[in-house]
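Q: Next come a sequence and a model predicted from it.
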Amino acid sequence: MCTSRPADRRHRRERLHGLVRIALAPLLVMSTSCAVGPDFSRPATPTVDKYVQVDRQSFAAPAGVQTLSPAVSVRDDWWTSFGCTAIDRAVDETLTGNATLEGGQASLRRSDDLLRAGAGVFYPQVDAQAGASRQRYSPLRIGVDAAPSIFNLFTLSATVSYTLDIWGGERRQVEALAAQADAQRYALAATYLTLASNVVNTMIARAAYSDEIVATREMIDLLREQIHITEVQVAAGAGAWSAVLSLQNEMATLEASVPGLEQKRAESEHLLALLAGMFPRDWSAPPLSLQDIALPAVLPQTLPSSLVRRRPDILQAEAVLHVASANIGVATAALFPQITLSASGGLDSTVLHSLGNASGQVWSVAAGVTAPIFHGGALWFQRRAAIDAYAESQAGYRQVVLAAFAQVADALRALEHDAQTVEAQTRAVQSAADALRLIKASYRAGTVGYLQILIADGQYHQARIAWLQATAQRLQDTVALYAALGGGLVPES
């Protein structure tokens, strides 16, 4: 019997290791440099240089001039520009207690955890097993006519496996998970922006309802006084009863409008409680008037090219597009062979205390290749479906961008028209106030009766209610502009 010398065995072992390294070197290079499927590139920014055809820089009205300035950035706490502590407190309550935000934060954490879990594929998978069994073995299974035996078997083993990511399918999968986490992050930012906008708009509407209720009740008191004077004139034979009926009808109409305004104010308060994550009975409504809300004088002016890099919904659509791009690579890699390396080792013994003896040592080293041959076209059409999904995401991204530009254009036009409306309503209020002042002077001179003062006063209150509505609309359209510009929650990337 011939035995090899230790030096010869060592030499053969070194040659074998060298051959293994040479054979695996191309695979290792491919696994770190090759990834099938398209490399994602961000969509090009729009080529338009303005949102509307006629680009105005300022919107003037007697209640205040609003100017667009590129030197002013969109702040993440943009609602503080209204200078109202009640609004600031309501927004803070919502951003800390809203249930939708809590769910969005949990979804973001889940996406981040899935990303970390997916990245585990880049590491070898190591498992350990231990077992104990009692068996009855019959030698007849291997053709030996001998008595069966009963014995105990204790095993302790470990396995290591690693799939070579030659075609980059696993990397594309992790890339898709990272893009999905980005999409969830931008969705959460969009939720923040939407909630803040809803709170500010609701607070403005609530203030307007309160002011309208006060003005309407003052008009009702004036009409009640007019009715009394008219009834006296009718009793004296100086007037017709139809005049009383007409005034009573007008007063009843105004009285009927008050519950509707109070209901709207109550609904706004209930909505604020809901947004803050509270029960309606637990939310305290601070007194608020439109006079307590300042109109932001200088508004941010951003270029259209930067809008797609700061609006959360656009960035979310871009991340969804990235996911679809990475999925093409995943589907493409499934068309090619996959190579898996594995090794296992263990200890077997029929006696527990001798489990570590060399006679019970077992091991294996293996490399496996799995190549798709025929799947009825499933893999091919899965790749086609991934390409179609990418095209669908492209269309969705374009639609989101167009809608965002339309919202900015709507807000800019609204601010222009709001300034015109407020200016006209201010003139109407001023004219009604001047008429009331002249009639009061005539009354003091004895040329007109007191009834004319009440009529002029009612006209003044009607003009003021219309002015309040126009002012509230201007404030809400300012909120719409901040929201359309992205709210400053995401810095331009």
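A: Sure, I can see it. Bear in mind the structure is a predicted one, so any value in this text is a computation, not a measurement. Numbers count the residues shown, from 1 in each chain.
Q: got a list of what residue 87 touches?
A: Taking C-beta atoms under 8 Å, 6 or more residues apart in numbering, we find residue 87 in contact with 79, 199, 200, 203, 293. To be clear about C-beta, it is placed using only N, CA and C from the backbone, and glycine gets the same treatment.
Q: what's the helix or strand for the fourth one?
A: When secondary structure is defined by DSSP states H and E, residue 203 falls within helix 169-235.
Q: tilt between the following helix or strand past that helix and helix 169-235?
A: Next helix or strand after helix 169-235 toward the C-terminus (DSSP H and E): helix 241-275. Computed by axes from the mean of the first three to the mean of the last three C-alpha atoms, to 10 degrees, the angle separating helix 241-275 from helix 169-235 equals 160 degrees.
Q: what about helix 241-275, average pLDDT?
A: On average, the pLDDT along helix 241-275 is 91.
Q: and if you look at stretch 94-105?
A: 93.
Q: just to revisit the earlier point, which strands and helices sit next to the helix holding residue 203?
A: Where contact means 3 or more C-beta pairs under 8 Å, 6 or more residues apart in numbering; DSSP states H and E, helix 169-235 is packed against helix 85-97, helix 99-119, helix 241-275, helix 312-333, helix 450-484.
Q: Next, the buried residues of the last one.
A: Along helix 450-484, these residues count as buried under the neighbour rule (16 or more other C-beta atoms under 10 Å): 451-484.
Q: Report the distance from that helix to the chain centre.
A: 34 Å (C-alpha atoms, centre = their mean, to the nearest Å).
Q: and residue 152, what does it touch?
A: Counting by C-beta under 8 Å, 6+ apart, residue 152 has contacts 132, 133, 134, 135, 350, 351, 352.
Q: Near the closest residue to residue 315 other than its chain neighbours, how many other residues are there?
A: Once flanking residues are discounted, residue 315 sits nearest to residue 186: 4.4 Å by C-beta to C-beta, 6 or more residues apart in numbering. By other C-beta atoms under 10 Å, 23 other residues sit near residue 186.
Q: ok, for the residue sitting nearest the centre point of the chain, nearest residue in space, not its chain neighbours?
A: Centrality entry for the chain: nearest residue to the mean C-alpha point is residue 187, 2.5 Å, by C-alpha atoms, centre = their mean. Excluding the flanking residues, the one nearest residue 187 by C-beta to C-beta, 6+ apart is residue 316, at 5.2 Å.
Q: my read: the residue nearest to residue 315 touches residue 309, true?
A: No. Using C-beta atoms under 8 Å, residue 186 is not in contact with residue 309, being 11.6 Å away.
Q: list residues touching both of these two?
A: residue 315.
Q: I'd like the helices and strands packed on helix 169-235 laid out as TSV, including distance to residue 345.
A: Compiled in TSV, the helices and strands packed on helix 169-235 are given as follows (distance: least, C-beta to C-beta, whole Å):
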stretch	distance to residue 345
helix 85-97	55
helix 99-119	27
helix 241-275	60
helix 312-333	31
helix 450-484	62
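Q: quick revisit: now tabulate the contacts of residue 152 in CSV and tack on distance to residue 262.
A: What follows is these, written out as CSV (distance: C-beta to C-beta, whole Å):
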residue, distance to residue 262
132, 78
133, 79
134, 82
135, 84
350, 88
351, 88
352, 83
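Q: Number of residues surrounding the residue nearest to residue 187?
A: Residues contacting residue 316 under the criterion other C-beta under 10 Å number 22.
Q: For it, give me its contacts.
A: So residue 316 contacts 183, 186, 187, 190 (C-beta under 8 Å, 6+ apart).
Q: measure it to residue 38 for me?
A: Remark: distance between residue 316 and residue 38 (C-beta to C-beta, to the nearest Å) = 20 Å.
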